[in-house]
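Chemist: Below is the sequence, then the predicted model.
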Amino acid sequence: PKTGPHKLRECLPIAVLLRQRLKYAFTNQEVIKICKDKEGLIKVDGKVRRDGKYPLGFMDVVSIDRTGEHFRLLWDVKGKYMPHKIDAKEANFKLCKIIKKSLGPNKVPYIVTHDGRTIRYPHPDIKKTDTIKLNLESGDIDAVLKFEQGANVYITGGNNIGRIGVLSHVEKHPGSFDIAHIKDSRGHSFATRLGN
């Protein structure tokens, strides 16, 4: 994959998605023909992408206009990406985790999301590790989901990757990794690093 918004170890090229996951192409040549088409068949987060090596990552929305299909990339419990089919209404937004919040030049506050987006002048309530609901058409923040006790969480790394649960509590370890304790729908409790 090429350089892009997602890390090398946490991304999937468009070519692999079309070939191995969706089975729309047999060979890389076919992938190139699909991507380079004049009409711009493949859209990622609402933008036409013509490069088969463009990296897709967690929560990305892939739209294929000709078939009218929309997919959201999610982790499964094996740590592999699975394209999850969604409708056109759901394809208008994505959830982004806040990984950084700071002041830029001229004291302009900004936040950085997990997919490399920088958003200036965010709502002052937004903190690191919170999640925002981002409108892909306008680029505005529609809602803020706070990272607090009782929040629904999706594990994106470590041994528990792909699991979904409810946040019980967070153990603070100054100078080391903070540990989050999570309970899933079956009642099993597990712990993971806060970064996941």
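Modeler: Cool, the structure landed.

Chemist: how far does the biggest strand by length in the chain sit from the chain's center?
Modeler: Criterion DSSP state E: the longest strand present in the chain is strand 93-103. Here the centre of strand 93-103 is set off from its chain's centre by 11 Å, with C-alpha atoms, centre = their mean, to the nearest Å.

Chemist: The residue lying farthest from the centre of the chain: what secondary structure?
Modeler: Distance from the centre of the chain peaks at residue 106, with 30.0 Å (C-alpha atoms, centre = their mean). Following DSSP: H, G, I helix; E, B strand; the rest coil, we place residue 106 in the helix state.

Chemist: Quickly note the distance from residue 170 to residue 72.
Modeler: 27 Å (C-beta to C-beta, to the nearest Å). Glycine gets a C-beta too; all of them are placed from N, C-alpha and C.

Chemist: about what we covered before: counting contacts, what elements does the longest strand of the chain pack onto?
Modeler: With contacts defined as 3 or more C-beta pairs under 8 Å, 6 or more residues apart in numbering; DSSP states H and E, strand 93-103 has these neighbours: strand 109-113, strand 131-135.

Chemist: Could I get the buried residue list for the first one?
Modeler: I take that to be strand 109-113. Using 16 or more other C-beta atoms under 10 Å as the test for burial, strand 109-113 gives 111, 112, 113.

Chemist: what's the single longest helix in this protein?
Modeler: helix 28-35 (DSSP state H).

Chemist: Counting neighbours, which bits of that helix end up buried?
Modeler: Buried residues in helix 28-35 (16+ other C-beta under 10 Å): 31, 32, 34, 35.

Chemist: any residues touching the next helix or strand after that helix, and which ones?
Modeler: On the C-terminal side of helix 28-35, the closest following helix or strand by DSSP states H and E is strand 42-44. Outside strand 42-44, the residues that touch it by C-beta atoms under 8 Å, 6 or more residues apart in numbering are 14, 18, 34-35, 48-50, 54, 56, 60-65.

Chemist: Now, those residues that are in helices?
Modeler: Using DSSP H, the members of these that fall within helices are 14, 34, 35.

Chemist: which one of the residues you listed sits closest to residue 149?
Modeler: residue 14 (38.4 Å; C-beta to C-beta).

Chemist: Tell me how far the closest one lies from residue 55.
Modeler: For residue 14, the distance to residue 55 - C-beta to C-beta - is 8 Å.
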